[in-house]
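Asks: here's my sequence, what's the structure:
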Amino acid sequence: MKKKKLLIASNNAGKVKEFRSLFSRLGFEVLSL
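Replies: Below you'll find the predicted structure:
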């Protein structure tokens, strides 16, 4: 199954880490700017 990509428009590394932790479980690849 192909992972869906989710782009987070934030330069805050901590916030991106939070989103990655939450959404990776749901099959998303989390990307940041």
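Asks: so who does the residue most central in space within the chain touch?
Replies: Centroid-nearest residue in the chain, with CA atoms, centre = their mean: Val30, separated by 2.3 Å. With contact set as CB atoms under 8 Å, 6 or more residues apart in numbering, Val30 has these partners: Lys5, Leu6, Ile8, Val16, Phe19, Arg20, Phe23, Ser24. (Glycine included, C-beta is placed from N, CA and C.)
Asks: could these go into a markdown table alongside neighbour count and pLDDT?
Replies: As requested, those are arranged in a markdown table below (neighbours: other CB atoms under 10 Å; pLDDT from 0 to 100):
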| residue | neighbour count | pLDDT |
| --- | --- | --- |
| Lys5 | 9 | 96 |
| Leu6 | 17 | 95 |
| Ile8 | 16 | 95 |
| Val16 | 16 | 94 |
| Phe19 | 18 | 95 |
| Arg20 | 17 | 95 |
| Phe23 | 15 | 96 |
| Ser24 | 13 | 93 |
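Asks: so which pair among these is furthest apart in space?
Replies: Farthest apart among the contacts of Val30 by CB to CB are Lys5 and Val16. That separation is 13.5 Å.
Asks: what number of residues lie near Glu18?
Replies: 14 (other CB atoms under 10 Å).
Asks: which other residues reach the helix or strand hosting it?
Replies: In this structure, Glu18 is located in helix 13-24 according to DSSP states H and E. With CB under 8 Å, 6+ apart as the test, helix 13-24 has contacts from Leu6, Ile8, Ser10, Val30, Ser32.
Asks: now, the residues you listed that are in helices?
Replies: The helices, defined by DSSP state H, take in nothing from the contacts of helix 13-24.
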